[in-house]
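S.K.: Generate a structure from the sequence data that follows.
(2 chains)
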Amino acid sequence: AQKVTQAQTEISVVEKEDVTLDCVYETRDTTYYLFWYKQPPSGELVFLIRRNSFDEQNEISGRYSWNFQKSTSSFNFTITASQVVDSAVYFCALSDSTGGGNKLTFGTGTQLKVEL
Amino acid sequence: DTEVTQTPKHLVMGMTNKKSLKCEQHMGHRAMYWYKQKAKKPPELMFVYSYEKLSINESVPSRFSPECPNSSLLNLHLHALQPEDSALYLCASSHGTESYYNEQFFGPGTRLTVL
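M.R.: Numbers count the residues shown, from 1 in each chain, chains lettered A, B, ... in the order given. The predicted structure follows:
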C-alpha cells in the first residue's frame, strides 16, 4: 500500500537558518510521482514541485531545493536562508496507480515556524 | 489564469440548513476534486470528477452531494450536516486523470462551521 511519512511534526528555526523537511514514501509501483505543497495560515495549498520516479536529479528553485533518493525512498525539501514568510505547513504527497490516477496520498505535514 | 476560486470563504450553518459550496477554474482542466481538511491533518479526498462525470466517491455520507454542471464549475451541496463536519473544504483541479503526474491546483477553501 502507498504511504507517505513526514516524521517531523513541527520545526522552529530562526530567520536565515537553513532547514530540511523530511519525506519518506512507500509504493509498490515503479512509476510514481512525488509532490510538495505549502499551506500558509490562509489555508490554500500551493503547489511547489513535482518529481517523477525516473528522474533522480536534484532540483533547485531560488532558496528551495529538493533531494530525491530512490535508494532510501526519500524526497527531502530544503529551504536555504529561511524567512518568516516561509512559515507554513508543508505536505509531501505521492501519486501512483492507486485509485486509477491522480489520487494523492498526503503525509501528515510538517509545521514550519520561522522566527525573527 | 492559474487560479481556483471558491465561495464562500466562510460558512456557518445549522444542522437543518441546506447550503452549497462553489468552486470555479478557468485553466481548461478536466478533473476537479473536493477535499475535507480537519485542523492539523492532511486533506482527505472526498470526490473526483473527470470530464464532468463522478469518478471517485470516497464513501462520503449522502449529506454531501457533489455536482459538476460543466467543466469549469464544481458544487458541493450540504444538507443535514453534523457538527463533526466542520472543517476546511478545499477544491482542486488538474489537467486530467488519465495519468497520475498531473499536479493539482487548490483553491483557498471554504471554512465551514456546523452548529
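S.K.: tell me which element the nearest residue to B:T7 once chain neighbours are set aside falls in.
M.R.: For B:T7, ignoring the flanking residues on the chain, the nearest one in space by C-beta to C-beta, 6 or more residues apart in numbering or on different chains is B:K22 at 4.9 Å. C-beta here means a position set from N, CA and C on the backbone, and glycine is covered the same way. According to DSSP states H and E, B:K22 maps onto strand B:18-25.
S.K.: hmm, back to that, beta-bridge partners for the residue nearest to B:T7, please?
M.R.: In this entry, B:K22 is beta-bridged to B:T7, B:N75, by DSSP bridges.
S.K.: any idea how far it lies from B:N70?
M.R.: Taking C-beta to C-beta, to the nearest Å as the measure, B:K22 falls 12 Å from B:N70.
S.K.: Show me what the helix-or-strand element of chain B with minimal mean pLDDT packs onto, helices and strands only.
M.R.: Using mean pLDDT, DSSP states H and E, strand B:53-57 stands out as the lowest-scoring helix or strand of chain B, at a mean of 90. Packing partners of strand B:53-57 (3 or more C-beta pairs under 8 Å, 6 or more residues apart in numbering or on different chains; DSSP states H and E): strand B:44-50, strand B:64-70.
S.K.: middle-most residue in chain B, spatially?
M.R.: In chain B, the C-alpha nearest the mean C-alpha coordinate belongs to B:W34, at 2.7 Å (C-alpha atoms, centre = their mean).
S.K.: Strand partners (parallel or antiparallel) of the least confident helix or strand of chain B?
M.R.: On the basis of DSSP bridges, the sheet neighbours of strand B:53-57 come out as strand B:44-50 (antiparallel).
S.K.: rewinding a little: report the contact partners of the residue nearest to the centre of chain B.
M.R.: B:C23, B:L45, B:M46, B:F47, B:P66, B:L74, B:L76, B:Y89, B:L90, B:C91 (C-beta atoms under 8 Å, 6 or more residues apart in numbering or on different chains).
S.K.: Now that the first one has come up, it's in contact with B:Y35, right?
M.R.: Yep, that's B:C23 we're talking about. No: with contact taken as C-beta atoms under 8 Å, B:C23 and B:Y35 are classed as non-touching, separated by 10.8 Å.
S.K.: Show me the common contact partners of those two, please.
M.R.: With C-beta under 8 Å, 6+ apart, B:C23 and B:Y35 have common neighbours B:C91.
S.K.: Is chain B within reach of the helix or strand of chain A with the lowest mean pLDDT?
M.R.: The least trusted helix or strand in chain A, going by mean pLDDT, DSSP H and E, turns out to be strand A:59-61, with a mean of 88. No: Strand A:59-61 lies apart from chain B when judged by C-beta under 8 Å from any C-beta of the partner chain; the minimum separation is 14.1 Å.
S.K.: after that strand, next one along is what?
M.R.: strand A:64-69.
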